[in-house]
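Trainee: Got a sequence here, can you build the structure:
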Amino acid sequence: MTQDIREYRCMVGGKEVVIETGRLAQQAGGAVTVRMGDSMLFCSATMGSPRAHLDFFPLSVDYEEKMYAGGRVPGGFFRREGRPSEGAILTSRVIDRTLRPLFPKNMRNDVQVILISLSHDKEHHVDMMGIIAASTALMISDIPWGGPVAGARVGLVDGQLKVNPTYTEMEASKLDLRVSGTADAINMVECNADQVGEDIMLEALFMAHAAIQDIVELQLRIRAEIGKDKLEPAVDEVAESLQADVRERVEAPIRDIMTSTKDRSARREPLQRIKESLLDEYARKNEAIAEAEEPINIKHVTRAYDQVMKDIVRGRIVNEGIRPDGRDFATIRPLAAEVGYVPRVHGSGLFMRGETQVLTIATLGTPRDAQFMDGLSPEGDKRYIHHYNFPPYSTGESYPLRGPKRREIGHGALAEKALLAMMPSEEEFPYVLRLVSEVMSSNGSTSMASVCGSTLALLDAGVPIKNPVGGIAMGLIKEGDNIAVLTDIQGMEDHIGDMDFKVAGTVEGITALQMDIKIAGVTRAIMQQALAQAKDARLQILDVMQAAMPAPRATLSDFAPRMESFRIAVDKIGAVIGPGGKNVRGLQEDHGVKVDIQDDGLIFVAGESGAEVDKVIEKIRNMVEDPELGQIYTGKVTRVENYGAFVEFLPGTEGMVHVSQLADYHVKSVEDEVSVGDEIMVMVINVDNTGRVRLSRQAVLEGWDVEEAKRRDAAGSRRGGGGDRRGPRRDGNRRGGDRRGGSSGRDRRG
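Mentor: As a prediction, this is how the structure comes out:
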């Protein structure tokens, strides 16, 4: 097979993008590599046979994160890539959401887009590269598709918007905005931010759209030069005659029901009766037809019914200004917020918006509970995790539970990003946080309800978040020049609408965006209106949440672990760990705590008992403390010599008390005054250049300062004997006391 290798180059946001085709996977429908820096992706796009039995378009987009791309061997027993990571799934979803709206309507051919990371330089993000790669592969393939599209990332670094920032530049960014679109409009948005205003967000959106125009134009040139002839898709169309017949039978009764009641539950049963009656009628017709006649496809009857319903609802919205539940375009459904509903957990929040209800549980963990990220991106371990569950009962259905699907992973990630910038720093609040949102009832935008429920759960758990976060979902109905931007879309409006635009944020600004559309794109005017309505709605929601929980609880739950953090010098870490981990294990076993030591010297101590946590912290501080002149310590005698006693006053640190400094009276023999194992109080009076420490017990007994103690010690050492002799105290006893208590020397009588 001959190779016709072509290479194309283009600048996007100041970064060169290199597209190559003709070298790899020549039997695929279309195949390219895209390179930015030393990050390189391969992408193939291939169309299979039609799958007529399906009632949906069988498109699959899979991004495979290969560990060799980062020079790593995969973990696990088999040492090969397993199920995709959460990051890989989210990348696949971003690309899928960009491509899907541009395929022919009702297409039924199997289309598979596969992306593989060949190289990753840990500086250039691959998700927006993936959109460019997938679009180019589709453009040069024989697959019918309405592209091209391209994607770009925008950051906000030092107050300046920047297109396609690197991982390093993104560390200081208040914005991580990913945008894809065609030459004419934006068709996908994914974003997390740190309270960015609507004006800046709008500017960033269309800066990204402007940045992709050159790469969109390049793809058109590539298509003109080397693109294959497009195949005719297998399109499963409902016959016009069948559509007209179904419309004549059901349009009037459906309209009557939609007009007569605003309650979703009240109209569910009569609408279901109309649909079942229609399907039964066509089933009977099929039974009565002659063998030579073509039977009516019952799936087509269902789709014709759904189209009539869609046309009625959309028409009432854009032409009459009436939504299915009677609201105007900007009104939110009834709201409710509650905290502390679930006992024993560390925090819980229950949020309702209309028939959508989400219960979120917050759990506080120790640093060792952080999630280890085994992917290509240079991200550290996650200490804030959000999981989202969408069980069948939330929509009144029943089906097997098979673990989280891509949608659930995506919704959980969106809610996580919405709150990420509001989380306290690790030093301020050292706990690992896991939030789990359980969708109890669904009728529109459970992901944004999860944001609200999560905020309530965090406040209930006593987590000092910077600001509460609320979320709302916006919709769009576009019929010709008639446009309706809808606040707080419910399930039916999401199903029949043209846009699902989710916006989360605080009173100060936006923290997350996500947009999916079913049309080619949306204009700046539509985006501006949607952002303005979303802000008004968000502020209303935050008012309701604040009424339920104005601020984080002052104390943590009795069932949450107690944790404190502090920092030590990096060169002292070994002293805390001890040989083979002996020291840290001993602390954990003796006090029933968990001790986590970070590479930067940050130490976390967690336990059920606050008193035990405090004891461990004190012991660790003593382990790493340097002797301080004039400081008084309680130490243990470790060795006795004829010239003095050696005392361990800090873990692993000894000093010598000269015999002249052992008591506030003359000491003839060290053994008469102290024994190995005795605890005495001593003052540090000198540390020489070699680190040897000189201690004084007499300074403690006499109440001397360090300078006086040093002078007396020098004088006593020159004499080679004890300290001052003193007369009897007024009570008839010489100065003295219990040596084990460390307050004075032995009681000697005159």
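
Trainee: make it CA atoms for all contacts and neighbour counts henceforth
Mentor: Noted.

Trainee: I figured residue 15 was touching residue 164, is that so?
Mentor: Yes - under the criterion of CA atoms under 8 Å, residue 15 makes contact with residue 164 at 7.4 Å.

Trainee: Mind checking which of those two has more residues around it?
Mentor: residue 164 (25 against 15; other CA atoms under 10 Å).

Trainee: Could I get the contacting residues of that one?
Mentor: 12-15, 152-155 (CA atoms under 8 Å, 6 or more residues apart in numbering).

Trainee: Show me what the strand or helix carrying residue 414 is packed against.
Mentor: Assigning secondary structure by DSSP states H and E places residue 414 in helix 406-420. Helices and strands touching helix 406-420, by 3 or more CA pairs under 8 Å, 6 or more residues apart in numbering; DSSP states H and E, are helix 86-99, strand 186-196, strand 384-389, helix 446-460, strand 510-517.

Trainee: Nearest to residue 629 among these would be which one?
Mentor: strand 384-389 (43.3 Å; CA to CA).

Trainee: gap between the closest one and the chain center?
Mentor: 8 Å (CA atoms, centre = their mean, to the nearest Å).

Trainee: Please identify the pairing partners of that strand and their relative orientation?
Mentor: strand 432-441 (parallel) (DSSP bridges).

Trainee: okay, the angle between the partner strand and helix 446-460?
Mentor: Using axes from the mean of the first three to the mean of the last three CA atoms, to 10 degrees, the inter-axis angle of strand 432-441 relative to helix 446-460 is 130 degrees.

Trainee: now strand 432-441: mean pLDDT?
Mentor: Per-residue pLDDT over strand 432-441 has a mean of 96.

Trainee: List of residues touching it?
Mentor: By CA under 8 Å, 6+ apart, strand 432-441 touches 355-367, 369-370, 383-391, 393-395, 446, 450, 453-454.

Trainee: Now, of these, which are buried?
Mentor: Buried by 16 or more other CA atoms under 10 Å: 355-367, 370, 383-391, 394, 446, 450, 453-454, out of the contacts of strand 432-441.

Trainee: for residue 632, what are its contacts?
Mentor: 681-684, 700.

Trainee: Between the residues you listed, which sits nearest residue 260?
Mentor: Relative to residue 260, and with distances defined as CA to CA, the nearest of the contacts of residue 632 is residue 681, at 88.4 Å.

Trainee: coming back round to it: would you mark the buried spots in the helix holding residue 414?
Mentor: For helix 406-420, using 16+ other CA under 10 Å, the buried residues are 408-420.

Trainee: do stretch 215-234 as well
Mentor: Of the residues in stretch 215-234, those buried (16+ other CA under 10 Å) are 215-220, 222-223, 227-228, 233-234.

Trainee: do stretch 277-285 as well
Mentor: 278-279, 282-283.

Trainee: Out of these, which sit inside strands?
Mentor: Among the buried residues of stretch 277-285, none falls in strands (DSSP state E).

Trainee: Which of those fall in helices?
Mentor: 278-279, 282-283 (DSSP state H).

Trainee: Extract the C-alpha trace of the helix holding residue 414 and format it as CSV.
Mentor: Listed next in CSV are the C-alpha coordinates belonging to helix 406-420 (Å, rounded to 0.1, in the frame of the first residue of the first chain):
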residue,chain,number,x,y,z
ARG,A,406,-20.4,8.1,31.4
ARG,A,407,-23.3,10.5,32.1
GLU,A,408,-23.1,10.0,35.8
ILE,A,409,-19.3,10.4,35.8
GLY,A,410,-19.7,13.6,33.8
HIS,A,411,-22.4,15.1,36.0
GLY,A,412,-20.3,14.3,39.1
ALA,A,413,-17.3,16.0,37.6
LEU,A,414,-19.3,19.1,36.7
ALA,A,415,-20.6,19.4,40.3
GLU,A,416,-17.1,18.8,41.6
LYS,A,417,-15.7,21.6,39.4
ALA,A,418,-18.5,24.0,40.4
LEU,A,419,-17.3,23.8,44.0
LEU,A,420,-13.5,23.3,43.5
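
Trainee: Any regions of the stretch 501-650 of the chain where pLDDT drops low?
Mentor: The model of the stretch 501-650 of the chain has no residue with pLDDT under 70.

Trainee: hey, where'd the helices end up in it?
Mentor: Using DSSP state H, counting those that start in this stretch, the helices of the stretch 501-650 of the chain run over 524-548, 573-577, 582-591, 610-624.

Trainee: What residues sit buried inside the third one?
Mentor: Neighbour counts using 16+ other CA under 10 Å place 583-585, 587-588, 591 of helix 582-591 among the buried residues.

Trainee: Can I get that helix in CSV, CA atoms only?
Mentor: Provided in CSV are the C-alpha atoms of helix 582-591 (Å, rounded to 0.1, in the frame of the first residue of the first chain):
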residue,chain,number,x,y,z
LYS,A,582,9.5,3.0,64.2
ASN,A,583,8.7,6.5,65.6
VAL,A,584,5.6,7.2,63.6
ARG,A,585,4.3,3.7,64.1
GLY,A,586,4.8,4.0,67.9
LEU,A,587,2.8,7.2,68.0
GLN,A,588,-0.1,5.7,66.0
GLU,A,589,-0.2,2.6,68.2
ASP,A,590,0.2,4.3,71.5
HIS,A,591,-2.4,7.0,70.9
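
Trainee: buried stuff in stretch 20-30?
Mentor: Buried, per 16+ other CA under 10 Å, within stretch 20-30: 20-22, 24, 26, 29-30.

Trainee: Determine which two of these are furthest apart.
Mentor: Taking CA to CA, no two of the buried residues of stretch 20-30 sit farther apart than 20 and 29, at 15.0 Å.

Trainee: about what we covered before: any idea of the angle the helix holding residue 414 forms with strand 186-196?
Mentor: 30 degrees.

Trainee: Please renumber the chain so that the first residue is 563 from this point on.
Mentor: All right, first residue 563 from here; so that's helix 968-982.

Trainee: Just the residues contacting helix 968-982, thanks.
Mentor: By CA under 8 Å, 6+ apart, helix 968-982 touches 648, 651-652, 655, 754-755, 946-952, 1009-1010, 1012-1013, 1017, 1031, 1066-1067, 1073-1074, 1076.

Trainee: One more pass at 6 Å, please.
Mentor: Contact with helix 968-982 is made by 754, 948-950, 1009, 1013, 1073-1074, as judged by CA atoms under 6 Å, 6 or more residues apart in numbering.

Trainee: same check, this time on stretch 881-899
Mentor: Residues contacting stretch 881-899 (CA under 6 Å, 6+ apart): 824, 878-879, 912-916, 1048-1050, 1107, 1110.
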